[in-house]
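Colleague: pasting a predicted model and its sequence here:
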Number of protein chains: 2
Amino acid sequence: MVEAAGAVERTLEAVLPRPVGHHGRVPEAMRYAIFAGGKRLRPFLVLHSARLFGVPDAQSLRAAAAIEALHTYSLVHDDLPAMDDDDLRRGRPTTHRKFDEATAILAGDALLTVAFEILAGRETHPDAEVRCALSLALARAGGSDGMIGGQMMDIVAPTAGYGMDEVVQLQRMKTGALFEFCCEAGALLGQAGPEHQARLRGFARDFGLAFQISDDIIDATGTAESAGKAVGKDQDMGKATLISLHGLEGARAEARRLAHQAAAALDIYGPEADDLRQLPFYLLDRES
Amino acid sequence: MVEAAGAVERTLEAVLPRPVGHHGRVPEAMRYAIFAGGKRLRPFLVLHSARLFGVPDAQSLRAAAAIEALHTYSLVHDDLPAMDDDDLRRGRPTTHRKFDEATAILAGDALLTVAFEILAGRETHPDAEVRCALSLALARAGGSDGMIGGQMMDIVAPTAGYGMDEVVQLQRMKTGALFEFCCEAGALLGQAGPEHQARLRGFARDFGLAFQISDDIIDATGTAESAGKAVGKDQDMGKATLISLHGLEGARAEARRLAHQAAAALDIYGPEADDLRQLPFYLLDRES
């Protein structure tokens, strides 16, 4: 993922507001949250999906930056005391610990807002229909029936007694919807037809679930030091996860099955899709 | 403002998500916050500005709903304990008091997100360039150099020792930027040229400042009962306001001067603009 990462950082640097004036604390906190050494997984998905349809990185980088801004806002708000109450993120103080809660709320709001500012800008794609399609799809993926709804489901999880269906729905909404958007964005930027959009979403759905299982495994078996954040929280809170439902070995097997299924969906794109196809396996290997 | 209000309510009813499933608490809180008997001032500005350029209400109602959703998110987040810490809004418990903080944060995020979903939808305007222009302008008005930046300036105000310039800048960002967008949206929907956009923005700028002064007067002289929210907070916190800088009578005179200036900007539109032109005077009369 290293190759495109530099270009993603430079794009984020260029599109985010700069800290000036009495309200400079907001851009300062936005930048603190976003330049935290994340792996830029979602931009990677956008760029590599777009390449399948001949879209040059120079064009897909803005869409990639938009989704990274939206993803970062969700981390900033989810870490707040009223939500997951996390002090540590990627080994550093969370935004509300580094600044304060009010600033973290506002910086999150501003990151969400700037995502749509970026998508609406002419530089993102010459065709305004494409820019609108991107905005619409991102708003749905990030909205109350997508990521936000998933976070709500997660918050009520400790007392909700979810079974397998609900846990899968929660993950599909909370993290999967945004992954699906990333891959769909590549097809939208390339003005590929609905069949390609659906295929890329299918890849992302399976990949996203595999990714979530691997995250759960890290939470269940890792240390705070290796994960860069607090671990063991799901178990402590009595939340059902794919591990508590499948067992650890069952979860590992399910993740591997999903990774193979995700990869197979990209067969028709040939070697061009190798980077995307290998990604689920690369992420599964994180935990070992 | 009564005439168009029913249509605004029906549009909001139609475009907002419905409470279903384990995450239904989010749409429930979104609806609680938005259907609170507000005066729908911003939709009024969108609809009447659009009428100047021959845009039928049926078309401008969605843009009006989008901005009302965005405005409502800002109220929900501003009321949070970490921000203004208000228990009462329009005489009812604020969203985080009625639900809880996590739900209020998520409902605010979802209202902000749905605003851009509405604008990107084809039903908002047949020309995608217009929809993108609306999204871009709303993101800028609501972003870190607009409304959010204004709220940040407001939070640091008690210790910042603002003079007249900073207080005017704060108000222009915190409430003025969104008013400017409302009126500009009418010109954008009507595909009027930049000269009309600038004229409508000028009206909104003067109107917005007059409106803010009148709000400050209510805060300084009203009761919680008549205002439907806590009053006297600015004074208690030692914040500079246009009243503390102008004096009460000076502030009243300045508001009236701005109202006349705002009205004059619309002279070229003749009697068609009467409803807009009378609005600043109508709002100034609230306090008496």
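Modeller: Received it, and whenever you're ready, just let me know what you need.
Colleague: for residue A:88, give me phi and psi.
Modeller: With angles defined as degrees, to the nearest 10, residue A:88 sits at phi -130, psi 140.
Colleague: give me the number of residues near it?
Modeller: Using other CB atoms under 10 Å in any protein chain shown, residue A:88 has 15 other residues around it. All C-beta atoms are positioned from the backbone trio N, CA, C, and that covers glycine.
Colleague: I'd say it and residue A:96 touch.
Modeller: No: if you go by CB atoms under 8 Å, residue A:88 and residue A:96 don't touch, sitting 11.8 Å apart.
Colleague: common neighbours of these two, please.
Modeller: Common neighbours of residue A:88 and residue A:96 are not found (criterion: CB atoms under 8 Å, 6 or more residues apart in numbering or on different chains).
Colleague: which non-adjacent residue is nearest residue A:22?
Modeller: Take residue A:22 and drop its neighbours on the chain: the residue closest to it by CB to CB, 6 or more residues apart in numbering or on different chains is residue B:153, 4.8 Å away.
Colleague: the one you found: which element?
Modeller: Per DSSP states H and E, residue B:153 falls inside helix B:147-160.
Colleague: what comes into contact with that helix?
Modeller: A:21-23, A:25-26, A:102-103, A:106, A:109-110, A:113, B:74, B:78, B:83, B:141-144, B:162, B:166, B:169-175, B:177-178, B:237-240.
Colleague: what subset of those residues is buried?
Modeller: Neighbour counting with 16 or more other CB atoms under 10 Å in any protein chain shown marks A:21-23, A:25-26, A:102-103, A:106, A:109-110, A:113, B:74, B:78, B:83, B:141-144, B:162, B:166, B:169-175, B:177-178, B:239-240 as buried within the contacts of helix B:147-160.
Colleague: restricted to helices, list those residues.
Modeller: A:25-26, A:102-103, A:106, A:109-110, A:113, B:74, B:78, B:141-142, B:166, B:169-171, B:177-178 (DSSP state H).
Colleague: now do the helix or strand containing residue A:76 against helix A:147-160, angle only.
Modeller: Secondary structure from DSSP H and E places residue A:76 in helix A:57-78. Helix A:57-78 runs at 30 degrees relative to helix A:147-160, counting by axes from the mean of the first three to the mean of the last three CA atoms, to 10 degrees.
Colleague: any idea how far residue A:127 lies from residue B:109?
Modeller: The gap separating residue A:127 from residue B:109 is 29 Å, by CB to CB, to the nearest Å.
Colleague: over to residue A:162?
Modeller: For residue A:162, the distance to residue B:109 (CB to CB) stands at 22 Å.
Colleague: what of residue A:98?
Modeller: Residue A:98 is 21 Å from residue B:109, by CB to CB.
Colleague: pretty sure residue A:55 sits in a strand.
Modeller: No: with DSSP: H, G, I helix; E, B strand; the rest coil as the criterion, residue A:55 is assigned coil and is not in a strand.
Colleague: so who does it touch?
Modeller: Applying CB under 8 Å, 6+ apart, the residues contacting residue A:55 are A:186, A:189-190.
Colleague: ok, so of those, who is nearest chain B?
Modeller: Within the contacts of residue A:55, the smallest distance to chain B is 14.9 Å, found for residue A:189 (CB to the nearest CB).
Colleague: what is the burial count for the closest one?
Modeller: For residue A:189, the count of nearby residues is 28 (other CB under 10 Å).
Colleague: likewise for residue A:190?
Modeller: Neighbourhood size, residue A:190 [other CB under 10 Å]: 20.
Colleague: does chain B have contacts with the helix or strand encompassing residue A:115?
Modeller: Using DSSP H and E, residue A:115 sits within helix A:101-120. Yes: using CB under 8 Å from any CB of the partner chain, we find that helix A:101-120 touches chain B at A:101-103, A:105-106, A:108-110, A:112-114, A:116-117, A:119-120.
Colleague: and that helix, what's buried?
Modeller: Across helix A:101-120, burial judged by 16+ other CB under 10 Å covers A:101-120.
Colleague: so what's residue A:21 up against?
Modeller: Applying CB under 8 Å, 6+ apart to residue A:21 gives the contacts residue B:149.
Colleague: ramachandran angles for it?
Modeller: Backbone torsions for residue A:21, taken as degrees, to the nearest 10, come to phi 80, psi -170.
Colleague: how far away is it from residue B:144?
Modeller: Distance from residue A:21 to residue B:144, by CB to CB: 10 Å.
Colleague: where does residue A:252 land in three-state SS?
Modeller: Under three-state DSSP, residue A:252 comes out as helix.
Colleague: gap between it and residue A:217?
Modeller: Taking CB to CB, one finds residue A:252 at 7 Å from residue A:217.
Colleague: residue A:139 against residue B:114, yeah?
Modeller: Yes: using CB under 8 Å, residue A:139 is in contact with residue B:114, at 6.9 Å.
Colleague: list the buried residues of stretch A:188-203.
Modeller: Neighbour count says stretch A:188-203 has A:188-190, A:192, A:196-197, A:199-203 buried, by 16+ other CB under 10 Å.
Colleague: list the ones among these that fall in helices.
Modeller: A:188-189, A:196-197, A:199-203.
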